[in-house]
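J.: just coords:
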């Protein structure tokens, strides 16, 4: 199982960007069943928030509906999941995501995925 983060959907549905084509290609693999994938509920919230924040609500509704159509497996964010995040960060004593963003890892730990897709690399292999 692959846990997919918001930026993959944002690149795929957004304006021209070096990661647009690789994000779309990855999502096509999800659609055709060659990749088993899930999102956490926060991905959906972030899509709604971001498009509304940039006054592109019509695009946001489409992006949300498309994401829900592609991703049937949605992991809930509960207090227990957030408690896991707190414990994980305390145990490893590092930030696992930049300040002001969410961490993909605690919901993923509950789901048991084999990998995470939180960014798509460019054709040169450099992270975005």
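T.: Noted; the coordinates are in hand. What you are looking at is a predicted structure, and each value in this text was computed from that prediction instead of being measured.

J.: in the chain, which spans are helices?
T.: Ranges of helices in the chain, per DSSP state H, are 6-13, 20-31, 41-53, 57-70, 79-92, 105-111.

J.: per-residue confidence averaged over the last one?
T.: Here the mean pLDDT over helix 105-111 is 53, rounded to a whole number.

J.: Residue 70 reaches residue 31, doesn't it?
T.: Yes: with contact defined as C-beta atoms under 8 Å, residue 70 counts as touching residue 31 (5.9 Å). Glycine gets a C-beta too; all of them are placed from N, C-alpha and C.

J.: Just want to know which of these two has more residues nearby.
T.: residue 70 (16 against 13; other C-beta atoms under 10 Å).

J.: Let me know the pLDDT of that one.
T.: 93.

J.: same check, this time on residue 2
T.: Reported pLDDT for residue 2: 85.

J.: picking that back up, tell me which of the helices of the chain sits most buried.
T.: helix 6-13 (a mean of 22; mean count of other C-beta atoms under 10 Å).

J.: by contact count, what packs against that one?
T.: helix 20-31, helix 41-53, helix 57-70 (3 or more C-beta pairs under 8 Å, 6 or more residues apart in numbering; DSSP states H and E).
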